[in-house]
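>>> please find the sequence and the predicted model below.
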Amino acid sequence: MKFNILTLFPDFFESPLKSGLLGKAVDSKILSFNIIDIRSFTNDKFKRCDDYPYGGGCGMVLLAEPILNAMESIKTQAPTIVTSASGQPFTQQIARKFSTEKEITIICGNYEGIDQRVIDCADMEISIGDYVLSGGEFAALIIADSAARLIPGFMSNPTSIENESYEDDLLEYPQYTRPNELRGMAVPEILLKGDHAKIEEWRKQQRLSKTKCLRPDLYEKYILKQITGDKIP
């Protein structure tokens, strides 16, 4: 899978793309990243890529022309995503959809935003949460990582994905490892007895109760799917 990332700050990606599972996936050719410096596509002699917003207001807006020039330089029909605090919420379902693509282009938003004419030329506007970041580079990494880890070969144990948080609209069950007891806190006894059927039932109940407590919105969605036979989006 290939990610084209259009950014004002290409150096931002240097360390993350060499670290952890992302770095291993790049080394093994499962992933490739084409980091594109938007400033290389401006006609301004000072390499400026922003200007004051029409109509007034605080902050600066990223210019459309250098970004559109950068998009055209890629020469691809890949889906194009703009990172934006006002975009569609990013979910595990969207990550799974992205993971099936051979190539994706991500435009990193910055400052007060991007000229709307760029967004109009993109396929999706994505927000990674109900908060504001100092730059879309953080969001681009999150989108790339969450999609990439669903690609076959990225995870050393692909079955570890099956019961993760947000799969089936439930959060993941609690995890424990050695020692059995630490500072007066003990591992639940059921996990130590080797009865796998009872362990699976315990984990299911833990997922349900944790989701109901921490994410009632997901819990309601899960229950509704059980009632309707999984016929809702």
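That came through, no problem.

>>> wait, Ala85 sits on Val132?
Yes. Taking contacts as C-beta atoms under 8 Å, Ala85 lies within contact range of Val132: 4.9 Å. The way it works is simple: take the backbone N, C-alpha and C, and place the C-beta from them, glycine included.

>>> neighbour-wise, which of those two wins?
Remark: of Ala85 and Val132, Ala85 carries more neighbours, 16 against 8, as counted by other C-beta atoms under 10 Å.

>>> domains in this protein, by residue range?
Domain assignment for the chain by automatic domain parsing gives 2-148, 162-228.

>>> direction included, what does the longest strand along the chain pair against?
If you go by DSSP state E, the chain has its longest strand at strand 80-89. Paired neighbours of strand 80-89 in the sheet (DSSP bridges): strand 103-107 (parallel), strand 124-127 (parallel).

>>> now do it: everything it contacts.
Strand 80-89 is contacted from outside by 71, 94, 104-109, 113-114, 118-119, 121-133, 136, 139-140, 143, using C-beta atoms under 8 Å, 6 or more residues apart in numbering.

>>> so which strand or helix has the residue sitting nearest the centre point of the chain?
Residue closest to the average C-alpha location in the chain (C-alpha atoms, centre = their mean): Ile143, at 2.6 Å. Per DSSP states H and E: Ile143 is located in helix 136-148.

>>> so which strand or helix has Ile67?
helix 64-74.

>>> other SSEs contacting that helix?
strand 2-7, strand 32-37, strand 103-107, helix 116-121 (3 or more C-beta pairs under 8 Å, 6 or more residues apart in numbering; DSSP states H and E).
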